[in-house]
Each structure stands twice: as structure tokens, then as C-alpha cells.
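Chemist: Next comes the sequence, and after it the predicted model I'd like to discuss.
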Amino acid sequence: MGDSKVIAGLLAAVCALGCANLRWQVEKSLRQEGTVNRAFPEVVWDEYNCEKRDLPFLEIETSELIPPEVEPGGDFNHRLVYALCPRRATEVVSGDLHTRILFKGRAIHQETHSNYELRPGRWQVDTFVEIPLEAEPGVYAHEVEFSSRHARFERTITFLVPEP
């Protein structure tokens with residue numbers, strides 16, 4: 001009787017791990033690379049009470065990476081959602097967008113997009129990043145940094161490349 005409880009517990013744990021992985025894969029499959037408007041500038045202006053803020057006002061609402069565990073040769077999705085209240089209704093904030101993958105404290109991949117534009121309102125930006133087949137097991141970080149004269153942010157999220 002005791003052995004059956006142990007086996008049932010192990011099966012439940014294995015199923016939970018498998019179900020979690022399946023959940024991440026399903027969620028990732030529903031996403032598409034690109035930038036999508038989620039709210040117009042007037043809506044964001046009212047939500048964040050922008051008339052009382054120093055402008056431009058930028059809020060990073062979401063920065064997430066799925067799945068949190070990526071096999072070598074696989075990929076992950078990074079989703080960034082931001083809200084921007086500019087000085088004028090259609091004004092953008094231009095700057096440099098840097099993305100990096102870090103491993104053991106060093107950048108092993110990096111990209112820079114000059115004159116990247118943050119748009120007024122709420123925007124969802126989805127990107128997919130491939131992990132090389134030769135990636136070593138361990139903890140990695142995905143880092144996103146934006147800098148301009150008027151706005152700046154940096155976000156870092158870790159993920160795992162598991163042992164084979």
C-alpha cells in the first residue's frame with residue numbers, strides 16, 4: 001500500500017512537469033513575432049494620469065520569457081509590453097535598443113538596433129530567440145536595454161538550458 005502511494009506521487013510529479021512544459025509550448029505557439037497596439041495614447045494617458053507626469057512617460061508593464069527552460073536548438077519568446085505618454089499625441093521616442101544573451105557573466109550574443117522607436121500608447125513586442133545546438137547546459141540571461149535622451153530602461157530575465 002505504501003509503495004503505491006509513492007508511485008502515485010512520482011507519477012503526479014512527472015505529469016506536473018510534463019504538463020507545465022506542454023503549457024509553455026502551447027502558450028508560445030499562440031504568439032507571433034512582431035509589434036501590436038494594445039491601447040491608444042488617450043487610454044494610456046488617462047490610465048497613468050500623464051497630465052501630472054514629466055513627459056515623455058514610459059512604463060514597462062511586462063517583460064517575460066517563455067518557456068523558462070530551453071533545449072539546445074530550441075527557441076524562446078520574449079514579450080515586452082510598454083506604455084508611453086509622449087509630449088505630443090503622435091510623438092515617438094527614438095533610441096538604441098540593445099539585446100544580449102549572457103552566460104557565465106559574459107555576453108555570448110548581442111544585437112543593437114539604432115533609432116528604435118517607442119510609440120505612443122500601449123504596445124506589445126514579441127521576439128523569438130533561437131538557442132544554438134551547441135549551447136552548454138546552465139543558467140543564461142536575456143537582457144534588453146533601451147537608451148535615449150528622453151527615456152531609458154533595462155530588463156533581465158534568466159532561463160535554463162538543461163543537462164542533456
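Modeler: Nice, I can see it. These numbers come from a predicted model, not from an experiment.
Chemist: so which helix or strand takes in the nearest residue to residue 113 once chain neighbours are set aside?
Modeler: Nearest non-adjacent residue to residue 113, counting by Cβ to Cβ, 6 or more residues apart in numbering: residue 97, 4.4 Å away. (Each C-beta comes from the backbone N, C-alpha and C, glycine too.) Assigned by DSSP states H and E, residue 97 belongs to strand 93-103.
Chemist: The closest residue to residue 127 other than its chain neighbours and residue 48, how far apart?
Modeler: Nearest non-adjacent residue to residue 127, counting by Cβ to Cβ, 6+ apart: residue 78, 5.1 Å away. Per Cβ to Cβ, to the nearest Å, residue 78 is found 24 Å from residue 48.
Chemist: Check residue 25 too.
Modeler: Distance, residue 25 to residue 48, by Cβ to Cβ: 34 Å.
Chemist: Next: residue 56.
Modeler: 11 Å.
Chemist: who touches both of the two?
Modeler: residue 85 (Cβ atoms under 8 Å, 6 or more residues apart in numbering).
Chemist: Residue 78 and residue 48 - which one has more neighbours?
Modeler: residue 78 (20 against 17; other Cβ atoms under 10 Å).
Chemist: could you check the distance from the closest residue to residue 57 other than its chain neighbours over to residue 125?
Modeler: Distances taken as Cβ to Cβ, 6+ apart place residue 85 nearest to residue 57, at 4.3 Å, with adjacent residues excluded. Distance, residue 85 to residue 125, using Cβ to Cβ: 18 Å.
Chemist: same thing with residue 139?
Modeler: 24 Å.
Chemist: Neighbour count for those two, which is higher?
Modeler: Taking neighbours as other Cβ under 10 Å, residue 139 and residue 125 compare with residue 125 leading, 20 against 11.
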